[in-house]
Every structure is written in structure tokens, then in C-alpha cells.
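> Pasting the sequence and the predicted coordinates here, then a few questions.
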Protein chains: 2
Amino acid sequence: MTETPPTGSAAIIGVDAMGTDAGPAALVKGAALARRDGIAAEIIFFGDEAVLRPLIDAERNLAGARIEHCEAAVAMTDKPMHVLRRGRDTSMWKSIQAQKEGRVHAVVSGGNTGALMAVSRMQLGMIPGIDRPAVTALWPTPRGRVVVLDVGANVEATEHELVRFAIMGEAFFRALTGVKKPTVGLLNVGAEELKGHELIRTAARVIREADPDMAFTGFVEGNDISLGAVDVVVTDGFTGNIALKSAEGAARLVGGWIKDALTGSLPAKIGALFMMGELARLKRRIDPSNVNGGVFLGVNGVVVKSHGSADEKGVAAAIGMASSLVGKGFRKQVAQTVALVFERAGKTLEAAE
Amino acid sequence: MTETPPTGSAAIIGVDAMGTDAGPAALVKGAALARRDGIAAEIIFFGDEAVLRPLIDAERNLAGARIEHCEAAVAMTDKPMHVLRRGRDTSMWKSIQAQKEGRVHAVVSGGNTGALMAVSRMQLGMIPGIDRPAVTALWPTPRGRVVVLDVGANVEATEHELVRFAIMGEAFFRALTGVKKPTVGLLNVGAEELKGHELIRTAARVIREADPDMAFTGFVEGNDISLGAVDVVVTDGFTGNIALKSAEGAARLVGGWIKDALTGSLPAKIGALFMMGELARLKRRIDPSNVNGGVFLGVNGVVVKSHGSADEKGVAAAIGMASSLVGKGFRKQVAQTVALVFERAGKTLEAAE
């Protein structure tokens, strides 16, 4: 597998353009938007050429973009096992295969998450020391973005897995932002008499012992996500999914109230005219497209899952993230961090499990 | 224990006025606000008379309010077991004891949640058929309020407990709002390939079998809380706590962005003047005081936990809820609903566990 593009060459991003809820047009337009916004990456689309060609030709910013024609697409309802057995002619399979073969450096897909995970694991393999991948999510905070993981790959997580999520999450945030010492917290409940599951307490202890260099702050609570109390929030896939969806719902609720306020009376409508500039900025801040793009950590490659109903702005954000991760040698960084922590703390990690 | 006030008499609410983060003044002012807002209940304060008397005398709406002097207060850091053993002279213990003795019909406390739960269980006992209490939380939706439970009493919950939370939560929502058939959902994750823990799937099956009359809609996701997709969202205390705190954090984040928008430029500031009426309404909607007050379901009494740092509006909301629950015979309603479901479905419930 090609680690990174040769010096001086642009990254090549494979876009699995089929099998999303929003349809291939959102992916093509998103790629065009990402190019317009200045990402240097070259893009190869995987999918039905008859569908994709006219969409691509309509985009000035995609001049020269290649298509690898694929006969089939993974459906949202396909079982991962079915795709592994019979999905080798799908755009998803072929895009990941292209990464394995070094023809692309990263893949962005808006398709079936479970299938994408299974295909990525099978073809790219896992980083040594990691058994189960985790999916990241980004969320806005007053001072930037927070990474939450896992948000979907593992409904339950052992102490063992939470520790590895923390190590990978820290490395991911560093690669994404350049921050040298990202702060990391374990999601928990705060009441003194409860203090979470036994396994979260164990995980906290093991993280401290295994990676004393990590800026691990201990437990954080649900509200700390949006507060940006730490850079990386670690939890199991069930809790992470519910925390982020609860936050999304609340942001949408307040967004709806803002709309009510802006249109609730004639004076309010007049006032809104004065505020147009600020309201546009507010709208951009609330736009979920900003935080589209979940990365599969632990997989030995760069795979970014775009939301199946992401619009072109969301797709552009996911492609931008993939391009940035490739540019920063993210896959290698994560693998090296994991190897380093394991080398130093292998016995601690094993003894504690 | 006196079920409800004799016909024609007002409910009597005991307010445990000590041991909160915000101090006794917030509780006294909150009670005054609740009286001003028209609750019919009589109020008895439990706490240090020397502290409470001047606070109460300063409130016109509290004329005639009684104090039961208590020598001690439960600290936020006290272990529940310690309070059970040595806390009989505390305002918390004495307020719950007054409910046991029928001198008050409900207790509102802003104190140590674990201790309040332990003291309530010990003195009031549990509803037959319920082993472990659950704590409710309210959350705003576009069409009113949703109840989420459990949000703190049980870090883990078995199928057995989730089923009982659903039954009690439905009865609680009915008593609170008068809605005859509240809709109930189990909090889960949505991706097809995951679909949550085995125990949540089992709980869903048992609820359907045990209580076919319930308007049980199956699984809901985190974003459904703020959407108001159902009236009652059932989950374990760990997940419920994290879901609601994540939602609170997100609402506060967007609230901060709104403030930025309103003050971000001179035209925006002018626009804000036009919108003053609507912005005041928006502020009221976002105010967390609206949803203050967690009820201990399963305890054989009416105990409302006010947030330890709730301001007077929050306290007034909690006292209003207590008064309303007493007026509607809530304790009896929950016990009857539980008894009815158990009588009809006892075998189903036991067989499934």
C-alpha cells in the first residue's frame, strides 16, 4: 500500500459515488466544491459511468476527474457479510481495493456503514495491536471542534477497547489539527454516588498507567462535549451515538426556536433584516455539514464515512478531511503512536485486562 | 400515609431548604414565586430557623409559611449510608419523615441526590412490584415536554428494570399532563447492523407483551428526544444522564452563538432592539429552569429533586410540579398502573426475565 503520495504529488482521493441516500449528484457536487475550496487532491469517482459522466462534466472544478466504472452498488439494507461475499463488483469494494493497491490514498463513501467497515477491514486489515475499529465524529465547540469516538462501530466496548480508542483518538486529533498534546477524557456520569460503570473506571486507570504522556483529564460529562472541555471524548459506540444524536436534536430544537423568534412578529422580521450578516454566520455555525465525516480508526488505511444524506457542503467537508489526513500522514501517525504506547506499556496493558 | 389532601384542602409541600449548592435563599424565593404564580399548596420549610425565618419574612407571598426547625443538613459529599445511619436530625430526613407521617403530601429537595433517594426509599418504601426507583427528567420539544427516565438512579438497568421504567414513566406522564395515552419509546441506536444491546431488544419485546395497551412505539434515537417523537423516553441511568447532559450542552452552545450573533455588529445590535419581544420569549424557552424537577418513580410517595444549583425559577417549577402531582393523585396512579399491568401480565413479565 502506498503510504502517502510521492513528494510533490497531490493526494488521490477515491470517492465511492453510489449507494447513498442523497444520490450521486451530492457526491459529485461535493467533490467540485472541495476542489473549488482549494483542496489539492486529485479525485477518482467509483460508480456507474453513465450516471457519473454527465454530472462530472457539468462541474468546471472537476475537469480531468477520472471514473472507474463499477457495475453494482451496495444498498443501505445489504448485510455486511453479503457484501463481503458477493459485493466485489460494487463501487464500495472497488474504491477500497484501489486504496489497497495504492491507486488512491484515501476513500470517501456515503454508503452503508457496516458494509464499508467490513470491506475496509477485510481489504486493508487492521493496525497491529488493534482488534476492533472505532468511528470518529466531529462536533463544534466554542473554541473549535471536539472528536467523539466511538460513535457506531461497537455497541459495547471493553476496558481494552476504550483504552485503544483513547490512544487512537489522540493520534487522530493530532493529525487532524496539528495540536501536539490533545486533551482526552472518558465520557461518564458525574453524580458522586454513581460514577459510572466499573469498566470505565478501569479504563481510566489503564490509560494513566499505559500512556503517562497523554494529556488525559479523567472523566468528562455529556455537557462537556459541546463545551469543548477536552479535544477527544472517548466512549463506547452506543453511548457515543446517543450523546451526539441527543446533541444534534437539541441544536436543531434551539435552531427552530431561533426561526420562530425571527419570524414571530413584524418588528422581529424588521430586526432580522438588520442582522442578516450575523444570521448568515449563525446559520453556517449550526450547519451540520461542518462536522460531516467519520473516520474509521484502527483500519490500516484512510476511510472517511460521509453521512448518507449529506449535501454537497457535507461531502466537501468529508473530502477535505480525507485530503488533509493523507497530507499529514495520518495512517502512519496512528500506527506509530499505537506501536509506541504498546512497546512502552505492553505489560501494563496486558496485565490490566 | 395520607394519600392526598382531604377534599377542599390545599396540598402541603415540604421544602427541604438546606444542603443545596445555591443556598436556602433560592429555595425560599422559589417557593414565593410558585405561590405568586398561583399554586394553591401550603408550604412547610425544613431547615435552620435562624437562617430561614428572615428569608421567609421578606417574602409577601409566603405569609404564614411554617418552618420545622432542623439541627443539621446533608452535605453534597455525604455518603447515602452515612445519612441513613446518622442523618435523622437533618432537614432532608425530617422532610421525608413528615411525608411518611402525612403532615406533608410531597417533598421538594435540592440536596444530595443519592442521600435523598436512600432516605426516601427507607422511610416511604417502594411501590409493590418495583425494586429500584428511577429518576425522571423533563426536556422541551417543539410541542411541549418529553420525559426521559432513568437519568441517574441506576447506572445499569436490566430488561426487568427497563420494562418497569416504561410502565412508571407512562403513568407519570399521564398524571403530569392529563394525556390519556402517552407514547413511549426505548432509547437505542439506529444503524441497522447495530441496533443496540440485546437487553434493549428483549425489553422492547416484553413491554409489547406485558402491556399491549401502552402506546409503545419501539426504538427511538437520541435526536428523537428534542424532536418530541414520543412523550416518554426510556433508558438506563447512565445513558439517560449522558443524553440529557449532551443535549443541555448543545443547547448552551447554540445559545452562545445566538448571543454572538446579537452582539456581533452594530446593525445586529440595532436589529436585536426590534426583536426584543421575540428574544425574551426565546430566552424563556432556552431557560433550563423550565425543566427543573426530577421525580423519584417507584418510591411510595412524591419526592421531587430540584437541581442543586437551580435558581428561584427552577425551584418554583419543581414546587409547581410537586403540587400538580399531589393534586392529580400521582402516587396512587402510578401504583395502580403498576398493579394493573402486573396483575394482567405477571406471568409474561416473569417468564421473560
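Arrived safely.

> Surely A:Arg103 is in a strand?
No - A:Arg103 is assigned coil when assessed by DSSP: H, G, I helix; E, B strand; the rest coil, not a strand.

> That one - how many residues pack around it?
15 (other Cβ atoms under 10 Å in any protein chain shown). In short, each C-beta sits where N, CA and C put it, glycine included.

> Provide a list of residues in contact with the closest residue to it other than its chain neighbours.
Using Cβ to Cβ, 6 or more residues apart in numbering or on different chains and skipping the chain neighbours, the partner closest in space to A:Arg103 is A:Ile12 (7.0 Å). A:Ile12 sits next to A:Pro5, A:Ala41, A:Glu42, A:Ile43, A:Ile44, A:Arg103, A:Val104, A:His105 when contact means Cβ atoms under 8 Å, 6 or more residues apart in numbering or on different chains.

> looking at it, A:Leu27 is touching A:Gly19, isn't it?
No - using Cβ atoms under 8 Å as the test, A:Leu27 is too far from A:Gly19 to be in contact (10.0 Å).

> list residues touching both of the two?
Contacts common to A:Leu27 and A:Gly19, judged by Cβ under 8 Å, 6+ apart, are A:Gly110.

> Which one of those two is surrounded by more residues?
Neighbours were counted for A:Leu27 and for A:Gly19 using other Cβ under 10 Å; A:Leu27 has more, 30 against 24.

> Quick check: that one vs B:Arg53, distance?
In this view, A:Leu27 and B:Arg53 are 70 Å apart by Cβ to Cβ, to the nearest Å.

> low-confidence ranges in chain A?
Judged by pLDDT under 70, chain A has its weakly predicted residues at A:1-9, A:191-196, A:346-353.

> longest strand in it, by residue count?
strand A:134-141 (DSSP state E).

> quick one on the thing from earlier: any of the contacts of A:Ile12 buried? List them.
By neighbour count, with 16 or more other Cβ atoms under 10 Å in any protein chain shown, these hold A:Pro5, A:Ala41, A:Glu42, A:Ile43, A:Ile44, A:Val104, A:His105 as buried.

> can you pull the contacts of the third one?
This means A:Glu42. Per Cβ under 8 Å, 6+ apart, neighbours of A:Glu42: A:Ala10, A:Ala11, A:Ile12, A:Ile13, A:Ala65.

> Show me what the longest strand of chain A is in contact with.
A:113, A:117, A:145-154, A:161, A:164-165, A:168-169, A:172, A:225-228, A:237, A:240, A:244, A:247, A:285, A:290-291, A:293-298, A:305, B:253.

> Now it: buried residues?
For strand A:134-141, the neighbour count (16+ other Cβ under 10 Å) marks A:Ala134, A:Val135, A:Thr136, A:Ala137, A:Leu138, A:Trp139, A:Pro140, A:Thr141 as buried.

> One more: stretch A:332-342?
A:Val334, A:Ala335, A:Thr337, A:Val338, A:Val341, A:Phe342.

> swap in stretch A:32-48?
Under the neighbour-count criterion of 16+ other Cβ under 10 Å, stretch A:32-48 has A:32-35, A:39, A:41-48 buried.

> can you tell me the distance between the two ends of that stretch?
By Cα to Cα, to the nearest Å, the extent of stretch A:32-48 from end to end equals 18 Å.

> still on that earlier bit, can you tell me which of the buried residues of stretch A:332-342 are in helices?
Among the buried residues of stretch A:332-342, the subset assigned to helices under DSSP state H consists of A:Val334, A:Ala335, A:Thr337, A:Val338, A:Val341, A:Phe342.

> ok, so of the residues you listed, who is nearest chain B?
Lowest distance from chain B to those (Cβ to the nearest Cβ) belongs to A:Val334, with 23.5 Å.

> thinking in terms of the whole chain, how far from its middle is the strand or helix carrying A:Ile225?
Under the criterion of DSSP states H and E, A:Ile225 resides in helix A:223-227. How far helix A:223-227 lies from its chain's middle: 18 Å, per Cα atoms, centre = their mean, to the nearest Å.

> what packs against it?
The contact analysis (3 or more Cβ pairs under 8 Å, 6 or more residues apart in numbering or on different chains; DSSP states H and E) places helix A:223-227 against strand A:134-141, strand A:144-149, helix A:237-263, helix B:237-263.

> now do 7 Å
strand A:134-141, helix A:237-263, helix B:237-263 (3 or more Cβ pairs under 7 Å, 6 or more residues apart in numbering or on different chains; DSSP states H and E).

> What are the buried residues along that helix?
So helix A:223-227, judged by 16+ other Cβ under 10 Å, has buried residues A:Asn223, A:Asp224, A:Ile225, A:Ser226, A:Leu227.

> Kindly report the same for stretch A:12-21.
A:Ile12, A:Ile13, A:Gly14, A:Val15, A:Asp16, A:Ala17, A:Met18, A:Gly19, A:Thr20.

> Pull up the gap between the closest residue to A:Gly14 other than its chain neighbours and A:Ile43, please.
Closest residue to A:Gly14 in three dimensions, ignoring its sequence neighbours and counting by Cβ to Cβ, 6+ apart: A:Val104, at 3.6 Å. Computed as Cβ to Cβ, the A:Val104 to A:Ile43 distance reads 9 Å.

> Common neighbours of these two, please.
A:Ile13 (Cβ atoms under 7 Å, 6 or more residues apart in numbering or on different chains).

> could you say which helix or strand contains A:Ala268?
With secondary structure defined by DSSP H and E, A:Ala268 is part of helix A:266-274.

> what angle do that helix and helix A:237-263 make?
Here helix A:266-274 points in a direction 110 degrees away from that of helix A:237-263 (axes from the mean of the first three to the mean of the last three Cα atoms, to 10 degrees).

> CA atoms only: put helix A:266-274 into CSV for me.
Extracted in CSV, the C-alpha atoms of helix A:266-274 (Å, rounded to 0.1, in the frame of the first residue of the first chain):
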residue,chain,number,x,y,z
LEU,A,266,-43.3,42.3,12.3
PRO,A,267,-40.7,44.1,14.4
ALA,A,268,-38.8,40.8,14.7
LYS,A,269,-38.8,40.5,10.9
ILE,A,270,-37.5,44.0,10.5
GLY,A,271,-34.9,43.3,13.1
ALA,A,272,-33.8,40.2,11.3
LEU,A,273,-33.1,42.4,8.2
PHE,A,274,-30.5,44.4,10.3
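
> if you look at it, does any of it touch chain B?
Yes - Helix A:266-274 is in contact with chain B by Cβ under 7 Å from any Cβ of the partner chain, via A:Pro267, A:Ala268, A:Ile270, A:Gly271, A:Ala272, A:Leu273, A:Phe274.

> That helix packs against which elements?
Counting by 3+ Cβ pairs under 7 Å, 6+ apart, helix A:266-274 packs on helix A:237-263, helix B:266-274.

> Check which residues of the shortest one are buried.
Along helix B:266-274, these residues count as buried under the neighbour rule (16+ other Cβ under 10 Å): B:Ala268, B:Gly271, B:Ala272, B:Phe274.

> got the contact list for A:Arg252?
B:Ser226.

> what distance separates stretch A:120-135 from the centre of its chain?
Using Cα atoms, centre = their mean, the offset of stretch A:120-135 from its chain centre is 15 Å.
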